[in-house]
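Asker: dropping a prediction and its sequence here:
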Amino acid sequence: MQLHRSYLRRTMLLAALAWPAASAAALEHLTIDSPRGDDEQISGEALVEAQDGGLLLKTPDGALRRLPAATIRSRSSDDKPLVPLNDEQLAEKLLAELPPDFRIHQSKNYIVAYNTSRTYAEWTSSLLERLQRAFIAYWKREGCPVAAPAQPLMVLVFADQASYASYAKKDLGSAVGNVIGYYNLETNRIMMYDLTGMQAFGGSRGSLHDITALLSKPAAEPLVATIVHEATHQIAFNCGLQKRLVDNPYWLSEGLATYFETPDLSSSRSWSGIGNVNYSRWDLFRENYHAGKTVPLKRLVADDKLFQSPATAVDAYAQAWAWNYFLIRWRPKQYAAYLKALAAKPLLLEDSPAKRVQQFRDQFGELDELESEFYRRMARVK
């Protein structure tokens, strides 16, 4: 379940007849209708304003909030800039929203709110810190203008699947039972639960050594991969590589995350590398290729529906991994330029399939030639 990609069609009403906010430096102060039924005071920077007065608002905690005009009761502005919340303020805001048994563990670049063991929260932040350092260093070497996020990234870790499901149901709906973690593009947070409490691992919670031992088992590989996958999305959208709420094609966003998600179960740290062959994705892609089930590149680039249908999503993810692996390895400069072009697109506007294909062709050239090289090179991957 990729909640970070579900925003676009839900925001099209706000995007209709919308334009950039008149003064990006102005701070908007609004009273809005709260889901609880009372009034909520909110301030932030207006990124997009619809003709009817609806807003896309960036708030000091890094969230992007869609505010339909009908929910705005009053509005004023001043010339003060948006000041991001600091570490202490972010932690305070998180705790105010969560049940009283939650605590905070803070590392250099993450704030982890948890109601499981502190040891598991520490393991989580340690994994994510390593991923973020490696991710940013990798793209700097490729010449991409990336940097550490401007404020700590927020992660919620629930003690068990039941409490996680209760919280996440508002985002995931009926799919909540099949999703162990996800990144919410609008709140800019990752939600997950303590994997070591799962019955498959005996419900054991212990030392850091115990956690590492449990999550080094083969059964844990897809679980750790999911954490890394969702964390990759969060980092990519906060380090300058990708931009939230522009029309990022699924094949690109999901393929990028699958490229980085591969865990290393032989490592005491569960994840240690970038660019290794993701064999769970690779094996499926190869099977589909030999069975004649891969889709043409043009369709993969133009059509997100392959990733949205349960019948085709797993195969689409495998093919997205293969294409990102190929382009990052053999077309790195064009790939970086493509990411830059996507990040420059306007917020909340959906491209036509034809425009998507043209944007891809602008960076990578003719599809038929590229596709021939792709299959030739991928046939030699071991």
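Answerer: Cool, got the structure. Source: prediction; values computed, not measured.
Asker: return the distance of the closest residue to D194 other than its chain neighbours relative to W123.
Answerer: In space, and not counting its chain neighbours, D194 is closest to T116: 4.0 Å by Cβ to Cβ, 6 or more residues apart in numbering. Every C-beta, even on glycine, is put in place using the N, C-alpha and C of the backbone. To W123, T116 is 10 Å away according to Cβ to Cβ, to the nearest Å.
Asker: where does this structure have low pLDDT?
Answerer: 1-25, 199-206, 263-273 (pLDDT under 70).
Asker: domain assignment for it?
Answerer: Here the domain parsing of the chain from automatic domain parsing is 3-78, 87-241, 279-378.
Asker: what does stretch 75-94 contact?
Answerer: 23, 25-31, 44-45, 58, 60-62, 102, 104, 106, 111, 113, 150-152, 154, 156 (Cβ atoms under 8 Å, 6 or more residues apart in numbering).
Asker: in that stretch, what counts as buried?
Answerer: Buried residues in stretch 75-94, defined by neighbour count with 16 or more other Cβ atoms under 10 Å: 77, 82, 85, 90-91, 93-94.
Asker: mind putting these into CSV with secondary structure?
Answerer: What follows is the buried residues of stretch 75-94, written out as CSV (DSSP: H, G, I helix; E, B strand; the rest coil):
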residue, secondary structure
S77, strand
L82, coil
L85, coil
L90, helix
A91, helix
K93, helix
L94, helix
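Asker: tabulate these (TSV), appending distance to A50.
Answerer: Below are the buried residues of stretch 75-94 laid out as TSV (distance: Cβ to Cβ, whole Å):
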residue	distance to A50
S77	16
L82	20
L85	26
L90	29
A91	33
K93	27
L94	30
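Asker: first-to-last residue distance for stretch 177-194?
Answerer: Stretch 177-194 has an end-to-end distance of 15 Å (Cα to Cα, to the nearest Å).
Asker: K298 looks like it's in a strand, true?
Answerer: No - membership of K298 in a strand is not supported by three-state DSSP, which gives helix.
Asker: all strands for the stretch 51-200 of the chain, in order.
Answerer: Ranges of strands in the stretch 51-200 of the chain, per DSSP state E, counting those that start in this stretch, are 55-58, 64-67, 72-78, 103-106, 110-114, 153-158, 181-184, 189-193.
Asker: any chance of those strands in TSV, with distance to T262 too?
Answerer: Converted to TSV, the strands of the stretch 51-200 of the chain look like this (distance: least, Cβ to Cβ, whole Å):
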stretch	distance to T262
strand 55-58	33
strand 64-67	30
strand 72-78	45
strand 103-106	26
strand 110-114	21
strand 153-158	20
strand 181-184	16
strand 189-193	18
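Asker: and L349, which of these is closest to it?
Answerer: Nearest to L349 among the strands of the stretch 51-200 of the chain is strand 55-58 (11.6 Å), distances taken as Cβ to Cβ.
Asker: CA atoms of the closest one as CSV?
Answerer: The C-alpha trace of strand 55-58 is given here as CSV (Å, rounded to 0.1, in the frame of the first residue of the first chain):
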residue,chain,number,x,y,z
LEU,A,55,-5.4,26.3,0.1
LEU,A,56,-2.5,23.9,0.1
LEU,A,57,-0.8,24.9,3.3
LYS,A,58,2.7,24.0,4.5
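Asker: quick one: distance of it to the chain centre.
Answerer: Centre-to-centre, strand 55-58 and its host chain are 19 Å apart (Cα atoms, centre = their mean, to the nearest Å).
Asker: that one pairs with which strands?
Answerer: Note on strand 55-58: by DSSP bridges, its sheet partners are strand 39-50 (antiparallel), strand 64-67 (antiparallel).
Asker: can you give me the buried ones in the longest one?
Answerer: Going back to what we said before, that points to strand 39-50. For strand 39-50, the neighbour count (16+ other Cβ under 10 Å) marks 42-50 as buried.
Asker: what about the helices in the stretch 51-200 of the chain?
Answerer: In the stretch 51-200 of the chain, the helices defined using DSSP state H, counting those that start in this stretch lie at 87-97, 118-141, 161-172.
Asker: CSV for these, including distance to A311?
Answerer: Putting the helices of the stretch 51-200 of the chain into CSV (distance: least, Cβ to Cβ, whole Å) gives the following:
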stretch, distance to A311
helix 87-97, 36
helix 118-141, 31
helix 161-172, 19
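Asker: to A213, which of those lies closest?
Answerer: Ranking the helices of the stretch 51-200 of the chain by distance to A213, with Cβ to Cβ as the measure, places helix 118-141 first at 11.5 Å.
Asker: could I get the CA-only coordinates of the closest one as PDB?
Answerer: Extracted C-alpha coordinates of helix 118-141, given in PDB (Å, rounded to 0.1, in the frame of the first residue of the first chain):
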ATOM      1  CA  ARG A 118      13.000   1.900  23.900                       C
ATOM      2  CA  THR A 119      15.500  -0.600  22.500                       C
ATOM      3  CA  TYR A 120      13.400  -1.200  19.400                       C
ATOM      4  CA  ALA A 121      13.000   2.600  18.900                       C
ATOM      5  CA  GLU A 122      16.800   2.900  19.100                       C
ATOM      6  CA  TRP A 123      17.200   0.100  16.600                       C
ATOM      7  CA  THR A 124      14.700   1.800  14.200                       C
ATOM      8  CA  SER A 125      16.400   5.200  14.400                       C
ATOM      9  CA  SER A 126      19.900   3.600  14.000                       C
ATOM     10  CA  LEU A 127      18.700   1.800  10.800                       C
ATOM     11  CA  LEU A 128      17.200   4.900   9.400                       C
ATOM     12  CA  GLU A 129      20.200   7.100  10.200                       C
ATOM     13  CA  ARG A 130      22.500   4.700   8.300                       C
ATOM     14  CA  LEU A 131      20.100   4.700   5.400                       C
ATOM     15  CA  GLN A 132      19.900   8.500   5.300                       C
ATOM     16  CA  ARG A 133      23.600   9.000   5.400                       C
ATOM     17  CA  ALA A 134      24.200   6.500   2.600                       C
ATOM     18  CA  PHE A 135      21.300   7.800   0.500                       C
ATOM     19  CA  ILE A 136      22.500  11.400   0.600                       C
ATOM     20  CA  ALA A 137      26.100  10.500   0.100                       C
ATOM     21  CA  TYR A 138      25.100   8.300  -2.900                       C
ATOM     22  CA  TRP A 139      23.200  11.100  -4.700                       C
ATOM     23  CA  LYS A 140      25.900  13.700  -3.900                       C
ATOM     24  CA  ARG A 141      28.400  11.500  -5.700                       C
END
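Asker: thank you, goodbye.
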